[in-house]
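**Q** whatever this is, show me its structure:
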Amino acid sequence: MEFSILREKILKPMRLVAGVVERRQVNQNPILSHVLITVEHSTISFTTTDQEVELVSKIEVEPQAETGKITIPFRKLNDVCRALPDNALITISTENDKVALRSNRSRISLSVLNAEQFPVQDALQEVIQFTINKKKFRHLLEQTAFAMAEQDVRYYFNGMLFEIKNNCLYAVAADGHRMAINKVALYDVSPIRVIIPRKGIFEMLRMVDESDEDITVELTARYIRLIEKDFMLTSKLLEGRFPEYEAIIPNTLTKNVIINRETFKNALFRAAALLSDKTSTVVLTLNKDSLKIIATSVEKDEVEEYLNVQYDEDSIEIGFNVKYLLDCLHALTTETIKFSFVDAFNSALITGVGPGDSIFLVMPRRI
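**A** Coordinates of the predicted model:
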């Protein structure tokens, strides 16, 4: 097999599929460090996988004389192509158990593995399919992804719940200390409930831009697939049952605070500057129409912030992880927020004041 391609033409799909190339050197399948290149006349596909997430990027080129497929070590191919001059024409051809890369007066020979052994995900069966605006889909992920756990023994927390019901797609993430919920409207889509692993979510965020174009989503009991003109991403799903998140949302919240989001965020930033991971608690003291924020470091450094708020209930003192609060305020976009709770021991609910579908729950800390 032999084909030719411009340097700039090959670098774009290589960037797109770089995220899932297996980097680990212990107990790995060596072919996972390769990219599968498939030539079909005027289309060249680039595929990488770690057997949990698969990425495929396709580009259109001048019709090639030969068709076929080959695996090439991803890092070596990428480094060689990047080191070539702009607008260089690269010719790639197979020679027995090696592949030759030629460009101008350069010739590089690389060892390859059998392309037939590259693990490729087949077409999905029993698919629930819908299209969604890319900007809305990205917003859905951004509003919830930060609340996913990283290495929780409750493995269902190491991902994001997608649930389709009541003509909406709900995205839910939690780590046992906080929870984020967002939704977007869908129409005439069958109900389904799946958990997408953390890596799959972050690859989606890397691939999906904020354009007003649509993207196709396919869901099965075991996989999710995103299909767009430049790429196709397939991720395995996590097994298990995600907690009934609606039952966790408190029904009666007796204390409500209205706060300017930017003012509150900046005050928490200043408080967080003193704190470490071991002492990440800020204490909020609420009195009528006022909020005092106190943070004390291990070295006994202390900051106090005083804010004007709308609050007309009994005085209360409550502690929170400052990072959790800042994550919520980053995600929200409204000018003001509503901070609701019952007491200093149960979850607080944070929402925007105005249009929006985001709900955040944060557990308080003992002080």
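**Q** show me what contacts the residue nearest to residue 240 when sequence neighbours are not counted?
**A** Spatial nearest neighbour of residue 240, excluding adjacent residues (Cβ to Cβ, 6 or more residues apart in numbering): residue 156 at 4.2 Å. Quick note: C-beta positions are derived from backbone N, CA and C, even for glycine. Shown in contact with residue 156 (Cβ atoms under 8 Å, 6 or more residues apart in numbering): 195, 238, 240-243.
**Q** quick check: pLDDT value at residue 115.
**A** Listed pLDDT for residue 115 reads 92.
**Q** I misspoke; the intended subject was residue 354.
**A** With respect to pLDDT, residue 354 scores 82.
**Q** cool, and the one 3 residues further on?
**A** Per-residue confidence at residue 357 stands at 82 (pLDDT).
**Q** tell me the domain ranges of the protein?
**A** Here the domain assignment for the chain is 2-117, 128-247, 249-362, based on automatic domain parsing.
**Q** so how far is the first one from its chain's centroid?
**A** Taking Cα atoms, centre = their mean, to the nearest Å, one finds domain 2-117 lying 26 Å from the centre of the chain it belongs to.
**Q** next, the distance between the ends of it.
**A** End-to-end distance for domain 2-117, by Cα to Cα, to the nearest Å: 20 Å.
**Q** rewinding a little: so the residue nearest to residue 240 sits in a helix?
**A** Yes - membership of residue 156 in a helix is supported by DSSP: H, G, I helix; E, B strand; the rest coil.
**Q** give me the neighbour count for residue 100.
**A** Neighbour count of residue 100, defined by other Cβ atoms under 10 Å: 14.
**Q** and it, what are its phi and psi?
**A** Dihedral pair for residue 100: phi -110, psi 130, per degrees, to the nearest 10.
**Q** next: residue 329.
**A** In terms of degrees, to the nearest 10, the main-chain angles of residue 329 are phi -70, psi -30.
**Q** start the count at 42, not 1, going forward
**A** Okay, using 42 as the starting number, the last item reads as residue 370.
**Q** grab the nearest non-local neighbour of it.
**A** Leaving aside its chain neighbours, residue 370 sits nearest to residue 306 (4.3 Å; criterion: Cβ to Cβ, 6+ apart).
**Q** where's that neighbour, which helix or strand?
**A** Assigned by DSSP states H and E, residue 306 belongs to helix 302-313.
**Q** buried set for that helix?
**A** For helix 302-313, burial by neighbour count (16 or more other Cβ atoms under 10 Å) applies to 302, 305-306, 308-309, 312-313.
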